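Got a predicted structure here, sequence first:
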Amino acid sequence: METKTLANAPGIAERAYHIRRNALRMGEVQGQGYIAQALDIADVLAAAYFHAMRYRPENPAWEGRDRFLLSNGHYAIALYAALIEAGIVPEAELETYGFDESRLPMSGMAAYTPGMEMSGGSLGLGLSIAVGRALGLKRKGSDARVYTLFSDGELDEGSVWEAIMSASHFKLDNLIAIVDVNNQQADGPSTQMLAFEPLVDKLKAFGWFVQRVDGNDLDAVVAAFDAAKYHAEPKPRIIVADTLMGKGVSFLERREKNHFIRVEQHEWQLAIKALDSGRQA
Ligand SMILES: Cc1ncc(C[n+]2csc(CCOP(=O)(O)OP(=O)(O)O)c2C)c(N)n1
Ligand SMILES: [Mg+2]
């Protein structure tokens, strides 16, 4: 039984808007953070949580749930924004973001937050954990899927390529990875740090079912999740999502060095206004 699959539900764009808005509100609590990433990945998270995935908001540990593993722990602000929108984390907790004792620490921690499946912070590990979880679920006879998000900077890590190899060795057709290609990492544009193109060809050569989409085109992302779920070959699946940092807030889209941004106090309301002005009906 598909418990929370809102296939073809109207309003996924509205969900993405709320995810961006929640992230901006959390950003305002700290005055800074990984805001541009939260804005770039909101469409992917909306499609994952409000179209593709199966889960029970009132019971985040339900055994039959699809798992979402956030490898890039610094994107926690984005995932919290989605978990709040999904009703897994109460909206009021948004005000506690990043404070001591909060269930919403700056980097994702499995023991702290309902719906957070792994702890992050050290990059390059999520895909390996996802491979283990997907293999374990298969061996238990579960039909649950494992989704995992990682970032283009993580492609620099050797462990990611080991996991890419193991996933196809074990024919993990219950694994759906998403890589956020925002062409940015801490030290500059990702492609200038360590060249990873042609990424699609490489992933195909490693035995994956690969799709590359505009990660801010919601229809394309939804279609890619469907194709990934229902693809017939016994291969792991990956969506290469090209995204725009700061998406939806024009003055943040134009900001350079946007890996960790400071937004001045008066700019938060401007950011929400900018988001509202581009809101899709
Ligand atoms: C193993 C490891 N190395 C380095 C870091 C420090 N670090 C934190 S975020 C980051 C950038 C990673 O690239 P990406 O996630 O693509 O950056 P973004 O798109 O968020 O700008 C780095 C190097 C880390 N957290 N873990
Ligand atoms: Mg990046």
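Now that the structure is in, tell me what you want to look at. Residues are numbered from 1 along each chain as shown. Ligands and ions are numbered 1, 2, ... in the order given.

for the stretch 151-281 of the chain, which spans come out with low pLDDT?
Within the stretch 151-281 of the chain, the ranges that satisfy pLDDT under 70 run 280-281.

repeat for the stretch 1-150 of the chain
Using pLDDT under 70, the flagged stretches of the stretch 1-150 of the chain are 1-10.

What parts of it come near ligand 1?
Residues of the stretch 1-150 of the chain found near ligand 1 (CB under 6 Å from any ligand atom) are 34, 37, 72, 74, 121-124. The way it works is simple: take the backbone N, C-alpha and C, and place the C-beta from them, glycine included.

Separate out the buried members of those residues.
Buried subset of these (neighbour count, 16 or more other CB atoms under 10 Å): 34, 37, 72, 74, 123-124.

and which of those is nearest to ligand 1?
Ligand 1 lies nearest to Leu123 out of those, by CB to the nearest ligand atom, at 3.7 Å.

Regarding Glu233, what is its secondary structure?
coil (DSSP: H, G, I helix; E, B strand; the rest coil).

From ligand 1, how far off is the closest residue to it other than its chain neighbours?
Spatial nearest neighbour of Glu233, chain neighbours left out: Phe209 (6.1 Å); criterion: CB to CB, 6 or more residues apart in numbering. The spacing between Phe209 and ligand 1, counted by CB to the nearest ligand atom, to the nearest Å, is 23 Å.

that older thread, from the buried ones among the residues of the stretch 1-150 of the chain next to ligand 1, which is closest to Lys247?
Of all those, Gln37 has the smallest distance to Lys247: 9.9 Å, by CB to CB.

isn't that closest one right next to Ala81, touching?
No: when contacts are counted by CB atoms under 8 Å, Gln37 is not listed as touching Ala81 (11.1 Å).
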